[in-house]
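Chemist: next comes the sequence, and after it the predicted model I'd like to discuss.
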Amino acid sequence: MDGIQRGVIMADWQPTACILCECNCGLEVQLEGRRLAKLRGDKRHPISRGYACEKPHRLDHYQNGPHRLTTPLRRTADGGFEEIGWDVAIREVAARLAAVRDTYGGASIFYYGGGGQGNHLPGAYATATRAALGSVFKSSALAQEKTGEFWVADRMLGGQTRADFEHCDVAMFLGKNPWHSHSIARARVTLKEIAQDPARTLIVVDPRRTETAALADIHLQVRPGTDAWLLSAMVALLLAEDRLDHAFLAEADGLDAVRAAFADVDVAACCARAGVDEALVREAVDRIAGARAFASFEDLGVQMSRHSTLVSYLHRLVWLLTGSYGKPGTHYTPTGLVRFASGASGHRSPVVGAPIISGLVPCNVIAEEILTDHPGRYRAMIVEAANPAHSLADGPLMREALGALDTLVVIDVALSETAQLADYVLPAASQLEKAEATFFNFEFPKNAFHLRRRLLEPPPGALPEAEIHARLCEALGAFDDAAVAPLRAAAEKGLPALGAAFMQRVLAHPKLKRYASVLLYRALGPVLPPDLAEGAVLLGLAFRAAMDHGPALARAGFGGPPPMAAMALFQAILDAPSGVVFSESRWEDVRPKTAGGRIQLALEDLLAELGRLAEPDPEDVDFPYVLAAGERRSFTANTIIRDPAWRKRDRDGALRMSPADAARLGVATGDRVRLSTRRGAVVVVVEVSDTMQAGHLALPNGLGLSGRGTEPAGVAPNELTSAADRDPFAGTPHHKYVRARVEVA
Ligand code: SF4
């Protein structure tokens, strides 16, 4: 105990991590019973080093909000739910899903989710359940965010890239407000360092004067949805003025085709279409081309808008033409423990024929893949740690689709909007009631992994997902205790014995490999300290990392033959409650991982798409505004915090609009307006903000939650979006470009 405060005994500070954005900053928490009484940044975390923004300080609203489920639920004939025991729930869920598999094939069982921002182990364990069911198709929120970028990055460079903002002298954020959405470690510290250094330049491309734009040297305040024109102008300027890194481009193919495609691009016309001053664009290009090191980041502001995949391509052209890859302060390919970002597999979804990128079916086609009489349609769905009824485009259509399934099983901590539609709801442990981790490990050259320990016992009736999947696999007959017993006996002797026994079993029974995650959990979990049991699956991932990234692991201290390196890494992960540096890469090793090892500049399909930019936008007199449906603000995250009391400010998530639009409508902050799109209409409170440009509106993400234990607050943005508004290449939604109308309520 390190003290008594206000008469309450406070436990020691214990390490954990924030679960509200992809950075997963290390935190320390003081518990008061089951309450998260105090939180602060963890200085021992190797990446965040004590940094934390304001969001996690009220994380107790997640852990102890009035929303927890503590018993499995089964749908009743009258449409309600009844509580059932775990044995019944597992038996019936397994039987229902097995019946769908046996009647229609495993491909008809769709899996969605697998974890949120800091919750990635459920997806690893779910691979075993999916294997037992023969489930083929899956998706997650990534398929409405990043798959366009992944597809482009894979074709140009052979993999996903990130940028080194700490060491750049020119930084650009494209559709990205790191002040609130972060994504880069210690975002506000890094932004301030760049902004305050006269030798460095901060460029922001955003229709709104965001908190990051307010710090910028150059704010290119584009009209909403016109980033493709701005970037076309930037690429055309680089080419026309020969501001290229020719030495670097000797390693690239396709420059001539790119030159030809941009020969007729009219820079002035593009700038005019984007609504930005051509002189300012020229200045930005001059700074980028003259930079010692240029780092750039694109995010949802462009990845959920018009021409999103084309924008990802044009964005890469800007930094590749200037040689901004593979040297400090530029771009790199991270050494991840898990490679979850890849390109198109060549496979397509069974009904719509949508491209499957990074193994994910586009979110915007899921409803179409259910609401059809096509024989290959999805008939059952497992949704885990995700809430597609709320978070995917066209909420009403998505709810109709989920309701049309033969069987919907939801694994979650709360009776979410999706769980409310389920046939069975299996209550999960919270992210603080099990060992848990993120696979969003993108740092360079030193990369770190943090397996955070269980802080609290799950309430009676809730189980960690690892246990749920192990029980489902057993009920499905995937394996029996005879398969586990020798592995458990070996685990008790130590990791080398377990490794040897595992290889022996898998060689003798290859199908067991498909159940490796839960086999490890069953065999190794009981041997691990109880607060780390769910970390068992990481042993398998450590083996894969040792095979894939041997030299980088060796530089971080995990050398030797892969089995030895993997076991040393796994042990180090277990032994480091605040996280461990697991790899150390070298800039000179950053190379394209394309088939020929060369950068591919010319993507013909996207170059052809350039021609479409010359087409005029039809005027939309009925819906003259552009709505950004889902803006990240100070107190917004995803929907895991269902308690609106979490939000210190802006409880109802106001609709932001410009002073000019407010004056025209005759409304002021606090007034209510009717906001309509072609898909729906809501009544919402207005906030007049001079950060907005005329014609542009913004609603925050994560609001409009409903159901048990939740007082509704705000508007669910997807009541207004359409699944048909999506990118022609990746199928990602146009949430940031929704045509809208506003009327005084
Ligand atoms: S930056 Fe992200 S992970 Fe870090 S404290 Fe803020 S919300 Fe949490």
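Modeler: Thanks, I have the structure now. Residues are numbered from 1 along each chain as shown.

Chemist: low-confidence ranges in this protein?
Modeler: 1-11, 707-711 (pLDDT under 70).

Chemist: get me the contact residues on it for the ligand.
Modeler: 18, 20-21, 23-25, 52-53, 55-56, 182 (Cβ under 6 Å from any ligand atom). No exception for glycine: its C-beta is placed from N, CA and C like everyone else's.

Chemist: export those to CSV and tack on secondary structure and neighbour count?
Modeler: Listed next are these as CSV, based on DSSP: H, G, I helix; E, B strand; the rest coil; neighbours: other Cβ atoms under 10 Å:
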residue, secondary structure, neighbour count
18, coil, 27
20, coil, 25
21, coil, 22
23, coil, 26
24, coil, 29
25, coil, 27
52, coil, 22
53, coil, 19
55, helix, 21
56, helix, 23
182, coil, 23
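
Chemist: residues near residue 41, how many?
Modeler: 18 (other Cβ atoms under 10 Å).

Chemist: list the contacts of it.
Modeler: Contacts of residue 41 were listed using Cβ atoms under 8 Å, 6 or more residues apart in numbering, and they are 25-28, 48-52.

Chemist: and for residue 441?
Modeler: Per Cβ under 8 Å, 6+ apart, neighbours of residue 441: 334, 336-337, 447-449, 582.

Chemist: doesn't it belong to a strand?
Modeler: No. Secondary structure of residue 441 (DSSP: H, G, I helix; E, B strand; the rest coil): coil, not part of a strand.

Chemist: residue 607 versus that one, what's the distance?
Modeler: Distance of residue 441 to residue 607, computed by Cβ to Cβ, to the nearest Å: 34 Å.

Chemist: count the residues that sit near residue 64.
Modeler: 16.

Chemist: no, scratch that, I was asking about residue 690
Modeler: With other Cβ under 10 Å as criterion, residue 690 counts 9.

Chemist: list the residues that contact the residue nearest to it when sequence neighbours are not counted.
Modeler: Excluding the flanking residues, the one nearest residue 690 by Cβ to Cβ, 6 or more residues apart in numbering is residue 659, at 5.8 Å. Residue 659 makes contacts with 688-690, as judged by Cβ under 8 Å, 6+ apart.

Chemist: which of those residues fall in helices?
Modeler: Among those, no member is found in helices (DSSP state H).

Chemist: thought residue 427 was touching residue 67?
Modeler: No. The criterion here is Cβ atoms under 8 Å, and residue 427 misses it with residue 67 at 10.9 Å.

Chemist: name the element residue 698 belongs to?
Modeler: strand 696-700 (DSSP states H and E).

Chemist: looking at the stretch 101-250 of the chain, which residue is nearest the ligand?
Modeler: The stretch 101-250 of the chain approaches the ligand most closely through residue 182 (3.9 Å), counting by Cβ to the nearest ligand atom.

Chemist: was I right to think that residue contacts residue 52?
Modeler: No. In this structure, residue 182 is not within contact of residue 52 by Cβ under 8 Å, at 10.4 Å.

Chemist: next up, the contacts around the residue positioned nearest the centre of the chain.
Modeler: For the chain, the residue nearest the mean C-alpha position is residue 142 (5.0 Å; Cα atoms, centre = their mean). Listed by Cβ under 8 Å, 6+ apart, the contact set of residue 142 reads 340-341, 358, 360.

Chemist: ok, 6 Å please
Modeler: Residues counted as contacts of residue 142 (Cβ atoms under 6 Å, 6 or more residues apart in numbering): none.

Chemist: now do residue 323
Modeler: Residue 323 neighbours (Cβ under 6 Å, 6+ apart): 245, 248.

Chemist: is it fair to say it lies in a helix?
Modeler: No. Residue 323 is assigned coil when assessed by three-state DSSP, not a helix.

Chemist: quick check: buried residues in stretch 99-115?
Modeler: By 16 or more other Cβ atoms under 10 Å, the buried positions in stretch 99-115 come out as 100-101, 104, 106-115.

Chemist: thought residue 180 was touching residue 631?
Modeler: No. Taking contacts as Cβ atoms under 6 Å, residue 180 lies outside contact range of residue 631: 8.7 Å.

Chemist: and those two? Which one has more around it.
Modeler: Using other Cβ under 10 Å, the more surrounded residue of residue 180 and residue 631 is residue 631, with 25 against 21.

Chemist: out of the contacts of residue 41, which one sits closest to residue 279?
Modeler: Comparing the contacts of residue 41 against residue 279 with Cβ to Cβ places residue 51 closest, at 37.0 Å.

Chemist: you'd agree the closest one is in a strand?
Modeler: No. Remark: residue 51 does not belong to a strand; assigned using three-state DSSP, it is coil.

Chemist: which residue comes closest to it once chain neighbours are left out?
Modeler: Here the residue nearest residue 51, using Cβ to Cβ, 6+ apart, is residue 186, at 4.3 Å.

Chemist: now do the domain split for the protein, please.
Modeler: What automatic domain parsing lists as the domains of the chain is 4-63, 73-136+379-438+446-584, 147-335+600-609, 618-744.

Chemist: mind giving me TSV with those and columns for distance to residue 351?
Modeler: What follows is the domains of the chain, written out as TSV (distance: least, Cβ to Cβ, whole Å):
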stretch	distance to residue 351
domain 4-63	31
domain 73-136+379-438+446-584	11
domain 147-335+600-609	18
domain 618-744	13
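
Chemist: for residue 368, find the nearest of these.
Modeler: domain 618-744 (7.1 Å).

Chemist: span of that closest one from start to end?
Modeler: Separation of the first and last residues of domain 618-744 by Cα to Cα, to the nearest Å is 26 Å.

Chemist: for stretch 590-607, same thing?
Modeler: 26 Å.

Chemist: over to stretch 220-232?
Modeler: 14 Å.

Chemist: with stretch 572-579 instead?
Modeler: OK, stretch 572-579 end separation, Cα to Cα: 9 Å.

Chemist: relative to the whole chain's centre, how far out is it?
Modeler: Chain-centre distance of stretch 572-579: 24 Å, with Cα atoms, centre = their mean, to the nearest Å.

Chemist: before we move on, what about stretch 403-414?
Modeler: 21 Å.

Chemist: element containing the closest residue to the ligand within the stretch 501-650 of the chain?
Modeler: Per Cβ to the nearest ligand atom, residue 637 is where the stretch 501-650 of the chain lies closest to the ligand, at 6.9 Å. Assigned by DSSP H and E, residue 637 belongs to no helix or strand.

Chemist: residues in contact with the residue nearest to it when sequence neighbours are not counted?
Modeler: Leaving aside its sequence neighbours, residue 637 sits nearest to residue 20 (Cβ to Cβ, 6+ apart; 4.2 Å). Residues near residue 20 by Cβ under 6 Å, 6+ apart: 55-56, 637.

Chemist: 7 Å instead?
Modeler: 55-56, 117, 637 (Cβ atoms under 7 Å, 6 or more residues apart in numbering).

Chemist: cool, and residue 584?
Modeler: Contacts of residue 584 by Cβ under 7 Å, 6+ apart are 445-446, 552, 555-556.

Chemist: beta-bridge partners for it, please?
Modeler: With DSSP bridges as the criterion, residue 584 is bridged to residue 446.

Chemist: residue 95 - how many residues pack around it?
Modeler: Residue 95 - counted by other Cβ under 10 Å - has 12 other residues nearby.

Chemist: one more: residue 240?
Modeler: So residue 240, with other Cβ under 10 Å, has 13 neighbours.
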